[in-house]
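S.K.: Here's a sequence, model it:
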Amino acid sequence: MNGILQLIGFIMNSVGLICVLVTTFVPEWRRNDPAGEVLESIVRHQGIWVRCIAYPTGQWQCDDYDAFFLGLPMQLQVARGLSVTACILGFMGFIVSLVGMQCTNCFEGNPRMKARTSMVGAIAFGLSGISIGAAVSFYAHQVLSEYNRDILLFRDDIGQRFIYGVCLFVGWASIAILVLGALVSGCGSLVDDEEDSVRRTPYMPTYNKGKNMANTEYV
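M.R.: Predicted coordinates:
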């Protein structure tokens, strides 16, 4: 049963990791609200790495931000830092969980070590979900605040109001998938103490030394 739970949790965590990657690298954290603008057919998409403009002809024009980390607005710095952390933890969880699964041959002779390895992988996946969740939640709070107060998030977006992008919803979905997957994997990584208490001990034969120095082995 533990092996089945580990497999289900691993599949869920893998899907969550894909969602984390999509959230991190797709430039759709926010987009402009076309309502009320002169050219409503032009949509501006912004991510944490690039910002793009989608024209009615189907063409896209993207450019990077002027700075990589320092010099960026605080919301971009926080989003980038937490998103990269989520990706790193997700990859660590993927590798460690793969090693700790019962269907693999690593630590095959040590069930307790295998279970601990799987538990570490589940924790890494859970922390990955929390990190990406914090990133999108903080960014969404900034977008909502700027929209309600009609204050610009970036200086070059004069006269535009932005709403939530698809990546924010994908990021929120990844929280639920990764945390739930981590719980399932953690439940599958528990070791039965009664079975674990039965350890292999070396065979120690006993001898009965008689007067004639003859040794009799008892099995």
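S.K.: and the nearest residue to residue 47 once chain neighbours are set aside, how many neighbours?
M.R.: In space, and not counting its chain neighbours, residue 47 is closest to residue 27: 3.2 Å by C-beta to C-beta, 6 or more residues apart in numbering. (Glycine included, C-beta is placed from N, CA and C.) Residues within reach of residue 27, counting by other C-beta atoms under 10 Å, total 19.
S.K.: quick one: residue 27 is in a helix?
M.R.: No: the assignment for residue 27, made by DSSP: H, G, I helix; E, B strand; the rest coil, is coil rather than a helix.
S.K.: Tell me the predicted confidence for it.
M.R.: Listed pLDDT for residue 27 reads 91.
S.K.: By residue count, what's the longest helix in this structure?
M.R.: Using DSSP state H to define each element, the chain has its longest helix at helix 111-149.
S.K.: Now the element after it, going C-ward?
M.R.: Using DSSP states H and E, the next helix or strand after helix 111-149 towards the C-terminus is strand 162-164.
S.K.: Show me what that following strand is packed up against.
M.R.: strand 30-32, helix 111-149 (3 or more C-beta pairs under 8 Å, 6 or more residues apart in numbering; DSSP states H and E).
S.K.: if we can go back for a sec, run the chain-centre distance for the longest helix of the chain.
M.R.: Offset of helix 111-149 from its chain centre (C-alpha atoms, centre = their mean, to the nearest Å): 6 Å.
S.K.: Quick check: buried residues in it?
M.R.: By neighbour count on 16 or more other C-beta atoms under 10 Å, the buried set for helix 111-149 is 114-115, 117-136, 139-140, 142-143, 146-147.
S.K.: For residue 60, which residues are in contact?
M.R.: Contacts here follow C-beta atoms under 8 Å, 6 or more residues apart in numbering; on that basis residue 60 touches 52-54.
S.K.: where's residue 111 relative to residue 11, distance?
M.R.: Distance of residue 111 to residue 11, computed by C-beta to C-beta, to the nearest Å: 22 Å.
S.K.: any weak-confidence spans in this structure?
M.R.: 1, 34-40, 67-69, 150-159, 191-219 (pLDDT under 70).
S.K.: still on that earlier bit, return the member of the contacts of residue 60 nearest to residue 174.
M.R.: Closest approach between the contacts of residue 60 and residue 174, by C-beta to C-beta: residue 52, at 22.2 Å.
S.K.: Residue 31 is in contact with the closest one, correct?
M.R.: No: at 9.4 Å, residue 52 does not count as touching residue 31 under the criterion of C-beta atoms under 8 Å.
S.K.: wait, what's in contact with residue 126?
M.R.: Neighbouring residues of residue 126 by C-beta under 8 Å, 6+ apart: 178-179, 182-183.
S.K.: Show me where this structure has its strands.
M.R.: Listed in chain order, the strands of the chain (DSSP state E) span 30-32, 43-46, 50-54, 60-64, 162-164, 206-209, 215-218.
S.K.: May I have the strands that pair with the first one, each with its orientation?
M.R.: This means strand 30-32. When pairing is defined by DSSP bridges, strand 30-32 lines up against strand 43-46 (antiparallel), strand 162-164 (antiparallel).
S.K.: For those strands, give me JSON lines that also has distance to residue 93 and mean neighbour count.
M.R.: Formatted as JSON lines, those follow (distance: least, C-beta to C-beta, whole Å; neighbours: other C-beta atoms under 10 Å):
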{"stretch": "strand 43-46", "distance to residue 93": "29", "mean neighbour count": "20"}
{"stretch": "strand 162-164", "distance to residue 93": "27", "mean neighbour count": "18"}
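S.K.: Much appreciated, bye for now.
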